[in-house]
Structures are given as C-alpha cells and as structure tokens.
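In: Here's a sequence, model it:
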Amino acid sequence: MEVITTNLGEVKLFKRGKVRDIYDLEDKLLIIATDRISAFDYVLPTPIPLKGKVLTGLSIFWFNFLKDIIPSHFLTGDIELFPPSLKPYYEILKGRSILAKKAKPLPVECVVRGYLAGSAWQEYQEKGEISGIKLPKGLKEAEKLPEPIFTPATKAEEGHDINITFSEMAKIVGEGNAAYLKETSLRLYKKATRYAEEKGIIIADTKFEFGEDNGKIILIDEVFTPDSSRFWDKETYQIGSSPPSFDKQFVRDYLIKIGWDKKPPAPELPEEIVEKTKEKYLTAYERLVGKPLREGD
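Out: As a prediction, the model looks like this:
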C-alpha cells in the first residue's frame, strides 16, 4: 500500500513536510514517513512504493546503533505501544511511523562530507574550499577527503538551505553548542561509515538535525537514510565521476536529463524510474540492516 498523504481524523496535525506528516500527541509526536519523494525542493507527484518504510526502518536502526554517542528523539516504532486512539490507523502506520520526544529543533543543519560530491564539488572547483574550509589542490570528483569535514547550513522552510561557515553557525547557536554539534556530527559520521563500508556502502556525505530536550541536545528527524545521505556502492566506486548511488540522486539525474526547469509543476516519474528508485532504496536498507524489507513489514 502506497501512502502519499495521511489524515488521522481527530488526531491533531502538527506539520506536513516534504516527506513526513507529523501529528501532535500532546506529550510526544507521531512522525509518519510517507512515500512522497522530493527533488530540487519540490515534491514530485509520483510516490516511490515502500520508501517511507525504508526511511523509518533505517532511522530506527541508526538511532539504536548510535545511541552511545548521543540520545535521540526516538521512543518506539512498535505500533502495539502507540496510544489506543491511533488503532484505527494501524494499517497506515505500521512500519512507517515512530513516536518521538518533542524537542525544540536547532535552526541549523549539520552536514558532514567525507568525499567530494554534489554542491561541495562545485564549490571546490570555484573556490578551492567548502564552507570556508581550504582543501588541497588537485582533488577530483568523488575523491575521498583527507579527513571528513563539517559544513553546516541554515535550514530553510522553502527553497535551498544556505551553506554557512562554522563561525557563522556559532553566532546562531552559540560557541559551546556549535563546538558540540561539530564534534558529535563527526563522531556519528565516522562510526556509521566504518559500519557501512563493511556492508559494501560508502556514505559520501550526510546531514543531521538536532534539537533541545530539557536543556540537552539530542538527535532528531532522520539519520543516515537515502534521503539525508549520499550512498555509493563500494564495488563500483571510482574517482573522477559521480558514482552510481543508492539514494535519490538517481531521480535528480533523471530530472536533469529530461530538462526539467526546476519550476512547478514537477513532472511525473515513469514506471521504470520509480521501480529503479525503489530497488535502490531497498538495496540500501537490506545491506545496512542485514535483512530485506518486505511489503508486509
């Protein structure tokens, strides 16, 4: 069953994002990952079957895997532990929703890059640096950086996030918080990439979001999913071009190929692109979690 949008009757809708529908349960949040997919800041009209379950399952896996570094907003993904008021919606919620702590989101995105790709590759070509960080000369596209780098951005409600320097970030969240977010983001990335490489996946870059819960910073939103990270196949990876990926870069590449001007209305995706994208998401899930995701999960 594809889930494009949700309506839980009397349950109060808190926010509808590009992919997630979030409901207010007073003392906590219900976060549902739909099968919507966005590209170039627009939600496409064609869903990707099982995508929401991949995002939810992977995030739960990583929240548990990384909890020794930082606690998260994740409470449970077991629908049997959800409030009784949600029981009529169990079929929609199963496998694609979590209960989460309410946290005050910090107004920055914490991006870690281990390889030269995407907008970072473009900025490096123009300036020889990324977010104010000087890099060695002569690096090639998709090349591994000498060390992972932290390149924060401001969160935009609409349109592109804007890359900022670490010092600009410190002015927004305070020097102490900025230092903690940088150190924690790099620790999360390094631990996850070691694990992922054992499973045949290179995590080229990723983004994290954090929030405040009773004065403490916790990890929120999603973590190390094909929507928030760039996943490459370790076997086919090579320097000098953009490697095939297990994330939505495949959809972006298709949209560029057909010449979409990145203005509404966003185009429909043909069935072959939908199926190939679904296959990529499911492959990432199976490799990282260690078991396949099936329709009934």
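In: for the helix ranked longest in the chain, packing partners?
Out: The single longest helix within the chain, with elements called by DSSP state H, is helix 175-198. Under the contact criterion of 3 or more C-beta pairs under 8 Å, 6 or more residues apart in numbering; DSSP states H and E, helix 175-198 touches helix 51-65, strand 108-115, strand 144-150, helix 166-173, strand 201-213, strand 216-220. Yep, even glycine has a C-beta here, placed from its N, CA and C like the rest.
In: for it, which positions count as buried?
Out: Buried residues in helix 175-198, counted by 16 or more other C-beta atoms under 10 Å: 177-178, 181-182, 184-186, 188-189, 192-193, 196.
In: try stretch 245-259
Out: Those would be 245-251, 254-255, for stretch 245-259 by 16+ other C-beta under 10 Å.
In: re earlier: what average pLDDT does the longest helix of the chain get?
Out: Average pLDDT, helix 175-198: 98.
In: Restrict that helix to CA atoms and write it as CSV.
Out: Taking Å, rounded to 0.1, in the frame of the first residue of the first chain, the C-alpha atoms of helix 175-198 are listed here in CSV:
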residue,chain,number,x,y,z
GLU,A,175,30.0,28.8,20.5
GLY,A,176,29.6,25.9,23.0
ASN,A,177,26.7,24.3,21.1
ALA,A,178,28.5,24.8,17.8
ALA,A,179,31.6,23.0,19.0
TYR,A,180,29.5,20.2,20.5
LEU,A,181,27.4,19.8,17.3
LYS,A,182,30.6,19.7,15.1
GLU,A,183,32.3,17.1,17.3
THR,A,184,29.2,15.0,17.6
SER,A,185,28.4,15.1,13.9
LEU,A,186,31.9,13.9,13.0
ARG,A,187,31.8,11.1,15.6
LEU,A,188,28.4,9.9,14.2
TYR,A,189,29.7,10.0,10.7
LYS,A,190,32.9,8.1,11.4
LYS,A,191,31.2,5.4,13.4
ALA,A,192,28.4,4.9,10.7
THR,A,193,30.8,5.0,7.8
ARG,A,194,33.0,2.3,9.3
TYR,A,195,30.0,0.0,9.7
ALA,A,196,28.5,0.9,6.2
GLU,A,197,31.8,0.1,4.4
GLU,A,198,31.8,-3.4,6.0
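In: 25 is where my numbering starts, stick with that
Out: Sure, I'll start counting at 25 from here, so that last one is helix 199-222.
In: Residues contacting it, please?
Out: Under the contact criterion C-beta atoms under 8 Å, 6 or more residues apart in numbering, helix 199-222 has outside partners 86, 89-90, 93-94, 130, 132, 134-136, 138, 172, 174, 176, 190, 193-194, 196-197, 226-227, 230, 232, 234, 241, 243, 247-248, 255, 258, 312.
In: Measure how it sits relative to strand 168-174, angle-wise.
Out: Helix 199-222 and strand 168-174 are oriented at 140 degrees to each other (axes from the mean of the first three to the mean of the last three C-alpha atoms, to 10 degrees).
In: helices or strands up against the least confident helix or strand in the chain by mean pLDDT?
Out: Least confident helix or strand of the chain, by mean pLDDT, DSSP states H and E, is strand 186-187 with a mean of 88. When contacts are defined as 3+ C-beta pairs under 8 Å, 6+ apart, strand 186-187 packs onto strand 177-178.
In: just to revisit the earlier point, note down every partner strand of the least confident helix or strand of the chain and its orientation.
Out: Its sheet considered, strand 186-187 pairs with strand 177-178 (antiparallel) by DSSP bridges.
In: Could you point out the bridge partners of the residue nearest to A144 when sequence neighbours are not counted in the sheet?
Out: Distance criterion C-beta to C-beta, 6 or more residues apart in numbering; nearest residue to A144, sequence neighbours excluded, is I154 at 4.9 Å. Taking DSSP bridges as the rule, I154 bridges to I157.
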